[in-house]
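[1] no sequence on this one, just coordinates:
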């Protein structure tokens, strides 16, 4: 599944395993149902065009999309790299 630019927010550009990665918050589009806002982080290799992003599971559950964005922006670079390592394919030890 490609990243939806309407529901994603760039968080950072990271260096990991000899490559650069862009980290995005992806908001789930379910607010019409009146439930809480949910989000996950997607990592795309920088400059590689059509490559499918690597995603975390849903890790944010807040009252509003703005609250999810605030929480995601609180992540430090080393925390984002750890999340990328945990969900990236291959041996990244």
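    That came in fine, so what should we check first? Just so it is clear, the structure is predicted and the values come from calculations on it, not from any experiment.
[2] where does pLDDT dip in the chain?
    1-6, 30-33, 48-50, 90-93 (pLDDT under 70).
[3] geometric centre of it: which residue is closest?
    Nearest to the geometric centre of the chain sits residue 41, at 1.6 Å (CA atoms, centre = their mean).
[4] please, which helix or strand holds that one?
    strand 37-45 (DSSP states H and E).
[5] for residue 86, same thing?
    Assigned by DSSP H and E, residue 86 falls within helix 77-87.
[6] quick one: that helix to strand 37-45, angle?
    Put simply, helix 77-87 runs at 80 degrees to strand 37-45, going by axes from the mean of the first three to the mean of the last three CA atoms, to 10 degrees.
[7] same for helix 77-87, what does it pack against?
    Helix 77-87 sits against strand 8-16, strand 19-27, strand 37-45, strand 54-55, with contacts defined as 3 or more CB pairs under 8 Å, 6 or more residues apart in numbering; DSSP states H and E. All C-beta spots, glycine's among them, are computed from the backbone N, C-alpha and C.
[8] could I get the ones you listed as JSON lines with distance to residue 86?
    Supplementary listing: the helices and strands packed on helix 77-87 in JSON lines, determined by distance: least, CB to CB, whole Å:
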{"stretch": "strand 8-16", "distance to residue 86": "11"}
{"stretch": "strand 19-27", "distance to residue 86": "13"}
{"stretch": "strand 37-45", "distance to residue 86": "11"}
{"stretch": "strand 54-55", "distance to residue 86": "10"}
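[9] sounds good, over and out.
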